[in-house]
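Asks: sequence and predicted structure below; questions after.
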Amino acid sequence: MSWKNTTERFGLISIGFHWLMFLLLVAVYACIEFRELYPKGSDPREALKSWHFMLGLTVFILVWLRLLARLLQINPKSLSPSTTWQTFAAKMTHFTLYLLMLSMPLMGWLILSAEGKLIPFYGMALPSLVAENHDLAEFIEEIHETVGTLGYFLIALHTLAALFHHYRLKDGTLMRILSINRH
């Protein structure tokens, strides 16, 4: 298997980025959901929030590298004949997933900045992006939570589309991103 994409297959770079981002998103969501199991102000709750921030910022950094890798490579051609609406839906879903991976960490950074809190990043404190402003923090936090909830549905849609390709169309799309040869 090649490191780079071909017209037929995803390369190891694309496959690696895809699954790394998936695992990071699972971890980001898990940290913020599991924090609810602990009382406010407790050490485990604060640790999960810190990990949520740090992993989110890791997504923010890696998505730029993923986009660069995507721009520098060809994309494999579609394995099944698609209608115009299917092609549009696929492109919009991917675009929205990238938008999610870019905007959510940035909003988190803005929230912490506007709350006047430290922005933790693996032992470092990142600079604030805006001056302390609790009204702004609250406003952005509402958007962040709403978009985060929509993210669950977007990820589910992406997963269902992959399963549709695999079980209904039987076109090998899912196998390409799993790095399994169908031949």
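Replies: Happy to help now that I have it.

Asks: which residue comes closest to the residue most central in space within the chain once chain neighbours are left out?
Replies: Centre of the chain computed as the mean C-alpha position; nearest residue by C-alpha atoms, centre = their mean is residue 101, 4.2 Å away. Taking C-beta to C-beta, 6 or more residues apart in numbering, and ignoring the residues beside it in sequence, residue 101 has residue 63 as its nearest neighbour in space, at 4.2 Å. Glycine gets a C-beta too; all of them are placed from N, C-alpha and C.

Asks: all helices for this structure, in order.
Replies: With DSSP state H as the definition, the chain shows helices at residue ranges 12-34, 43-72, 84-114, 134-163, 173-178.

Asks: how deep is residue 48 tucked in, by neighbour count?
Replies: Using other C-beta atoms under 10 Å as the criterion, residue 48 is surrounded by 20 other residues.

Asks: surely residue 73 meets residue 12?
Replies: No - with contacts counted by C-beta atoms under 8 Å, residue 73 stays clear of residue 12, the gap being 11.3 Å.

Asks: contacts for the least confident helix or strand in the chain by mean pLDDT, please.
Replies: The element with the least model confidence among the helices and strands of the chain, by mean pLDDT, DSSP states H and E, is helix 173-178, at a mean of 88. By C-beta atoms under 8 Å, 6 or more residues apart in numbering, the list of residues contacting helix 173-178 from outside reads 9-10, 14-15, 18, 76, 78-80, 162-163, 165-166, 181-182.

Asks: returning to what we had before: gap between the residue nearest to the centre of the chain and residue 122?
Replies: Relative to residue 122, residue 101 is positioned 19 Å away (criterion: C-beta to C-beta, to the nearest Å).

Asks: poorly predicted segments of the chain, please.
Replies: Per-residue confidence of the chain (counting by pLDDT under 70) places the weak regions at 180-183.

Asks: try it again with 80
Replies: Scanning the chain for pLDDT under 80 picks out 1, 79-83, 179-183.

Asks: check contacts around the nearest residue to residue 103 once chain neighbours are set aside.
Replies: The shortest distance from residue 103 to any non-neighbouring residue, by C-beta to C-beta, 6+ apart, is to residue 147 (6.8 Å). For residue 147, the residues meeting the contact criterion (C-beta under 8 Å, 6+ apart) are 100, 103, 104, 107.

Asks: compare these and tell me which is most surrounded.
Replies: When neighbours are counted as other C-beta under 10 Å, the busiest of those turns out to be residue 104, with 21 neighbours.
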